[in-house]
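**Student:** 3D model of this:
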Amino acid sequence: MLNREKKIMETQRLILRSPQVEDVSAIFKICNSDNVLRYNAMEKVSTEELTRRFESESADHWTFHLVIKGSEEVIGAVFIEPDMLRYKVKAVSVAYYLDEKETQKGYMYEALNELLHYIFNVLEMDVVSARVFSANVASVGLLKKLGFQHEGTLRHAVCGYGDNIHEDLLFSLLKSEFNCIKKL
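**Tutor:** Below you'll find the predicted structure:
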């Protein structure tokens, strides 16, 4: 559930909360890692830039840091942004990354599942989209496990880290699909 004032959600093992200045060193290490850069359309970032971003979050772009309960260890981040591919519908896009040493443990599934409840039930959105590089097999599997449908592929779409060209897979999940999946 979400504490709206503090932007905090809790799952069985995680706390999803707003960025804090003390998170800079952990997020700096994670988002500048080869593993995260390989699968995201982003550049390396400085600690000064991260601090600026943490302090200037806008109303339509929300960032949540993933913290393991019982510790202060930040292990990743999830983002809610306007869906720029849709027009005049209640839609947002999600993006995410996780510390490589914490992958394949179900943390991102847990975080995104909670975030989807928030998006559909609190923000009252009708559709959530996500874009994933085709080479990111784990992320493709995660989205499918959450019920997202593959909408299409943008070929030769992103020149990413190391000047590698990626196909960008487009996924979406409708509120009606999410509610149906959760009732099963």
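**Student:** Mind checking what secondary structure residue 154 has?
**Tutor:** strand (DSSP: H, G, I helix; E, B strand; the rest coil).
**Student:** Sorry, wrong one. I was asking about residue 112.
**Tutor:** Secondary structure, three-state DSSP: residue 112 is helix.
**Student:** Could you measure from residue 144 over to residue 123?
**Tutor:** Applying CB to CB, to the nearest Å, the value for residue 144 to residue 123 is 23 Å. The C-beta positions use only the backbone N, C-alpha and C, and glycine is treated the same way.
**Student:** I misspoke; the intended subject was residue 135.
**Tutor:** 31 Å.
**Student:** now residue 76
**Tutor:** Residue 76 is 21 Å from residue 123, by CB to CB.
**Student:** Settle it for me: which of the two has more neighbours?
**Tutor:** Neighbour count, other CB atoms under 10 Å: between residue 76 and residue 123, residue 76 has more, with 25 against 13.
**Student:** which residues does residue 146 contact?
**Tutor:** 109, 112-113, 116, 173 (CB atoms under 8 Å, 6 or more residues apart in numbering).
**Student:** please redo it, this time with the cut-off set to 6 Å
**Tutor:** residue 112 (CB atoms under 6 Å, 6 or more residues apart in numbering).
**Student:** Please measure how far the first residue of stretch 84-91 sits from its last one.
**Tutor:** Terminal residues of stretch 84-91 are spaced 9 Å apart (CA to CA, to the nearest Å).
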